[in-house]
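J.: Give me the fold of what follows.
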Amino acid sequence: MSGENEEIDASEALARLNRLFRESAAEGRQIPVESIVEAVLQEHADDDIKNLMTRVLESQSPEVPITNSTLVASLMRFHKWRIQQA
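T.: Numbers count the residues shown, from 1 in each chain. Reported below is the predicted structural model:
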C-alpha cells in the first residue's frame with residue numbers, strides 16, 4: 001500500500017465524503033460502499049477494506065443511521081490499526 005505512513009486529515013476526509021453525498025443526492029443515485037471508502041481513504045483504500053466495509057454496512061440495521069462523521073472516524077481507526085499491524 002503506497003503511503004501507508006501518511007496521515008489522513010479527518011476534516012478533509014469528511015469534506016470529501018459530504019461532497020460525494022451531495023453530488024449523489026443531486027443526481028438521484030445511491031453511493032456504492034467502495035466509493036465511500038475511496039472518498040475517505042483515497043489511495044489507502046484497497047479491496048480488503050472495501051469488502052470489509054461492504055459487509056459491515058450491509059449488516060447495519062436501517063433503523064440505526066450512520067453519520068458521515070462516524071463513517072470517517074471508523075475508516076480512519078481501521079486504517080490506523082492496519083498500519084500498526086504492519
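J.: from here on, contacts and neighbour counts on C-alpha atoms
T.: Will do.
J.: in stretch 8-15, what's buried?
T.: Residues of stretch 8-15 classed as buried: I8, A13, L14, A15 (neighbour count, 16 or more other CA atoms under 10 Å).
J.: contacting residues for the third one?
T.: Right, L14. When contacts are counted by CA atoms under 8 Å, 6 or more residues apart in numbering, L14 is found next to V40, N68, S69, V72.
J.: Secondary structure element for it, which one?
T.: helix 10-27 (DSSP states H and E).
J.: circling back to that earlier point, for the contacts of L14, which single residue is the most surrounded?
T.: With neighbours taken as other CA atoms under 10 Å, the top of those is V40, carrying 27 neighbours.
J.: And L14, what's its pLDDT?
T.: The model reports L14 with a pLDDT of 98.
J.: Show the low-confidence segments of the protein, by residue range.
T.: Low-confidence segments of the chain, defined by pLDDT under 70: 1-6.
J.: That one: helices as residue ranges?
T.: 10-27, 33-41, 47-59, 68-85 (DSSP state H).
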